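Colleague: generate a structure from the sequence data that follows.
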Amino acid sequence: AALAAGLLAAFEARYGRFLADGFAAMRGEWEACSSLTGKEVRVAASDGEVAGRVLGLDDDGALRLEGPDGRVRRVVAGEVTLPGGYEA
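Modeller: Residues are numbered from 1 along each chain as shown. Okay, here's the model as predicted:
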């Protein structure tokens, strides 16, 4: 019960911050926990597959990818694959 209460309290605090200030206020904290920033990924999205290096997230939470051509794309939804798997 104590573990559940702690998780819910932490969720409530972050959710309150999200409602008050939007995702942009939490973006840095989210990116600090990301294992994908700087990695090459493939994303299967509704409009096809895209590949690129993860730059991070936009203020609205969209994934920012830099493609092989240097173009930066925003990906709102899709299945992310890290070729070669996760490495330490």
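
Colleague: show me where the protein has its strands.
Modeller: 40-45, 48-57, 63-66, 72-75, 79-81 (DSSP state E).

Colleague: deepest of the ones you listed, which one?
Modeller: strand 63-66 (a mean of 19; mean count of other C-beta atoms under 10 Å). (Glycine included, C-beta is placed from N, CA and C.)

Colleague: please report the residue range of the longest helix in this protein.
Modeller: Ranked by number of residues, the top helix in the chain under DSSP state H is helix 2-21.

Colleague: chain center to it: distance?
Modeller: Centroid displacement of helix 2-21 relative to its chain, using C-alpha atoms, centre = their mean, to the nearest Å, is 19 Å.

Colleague: what is the mean pLDDT for that helix?
Modeller: Summarised as a single mean, pLDDT over helix 2-21 is 89.

Colleague: as a markdown table, the strands of the chain with distance to residue 17 and mean pLDDT would be great.
Modeller: Shown next, in a markdown table, are these (distance: least, C-beta to C-beta, whole Å; pLDDT from 0 to 100):
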| stretch | distance to residue 17 | mean pLDDT |
| --- | --- | --- |
| strand 40-45 | 28 | 91 |
| strand 48-57 | 16 | 91 |
| strand 63-66 | 21 | 93 |
| strand 72-75 | 23 | 92 |
| strand 79-81 | 25 | 91 |
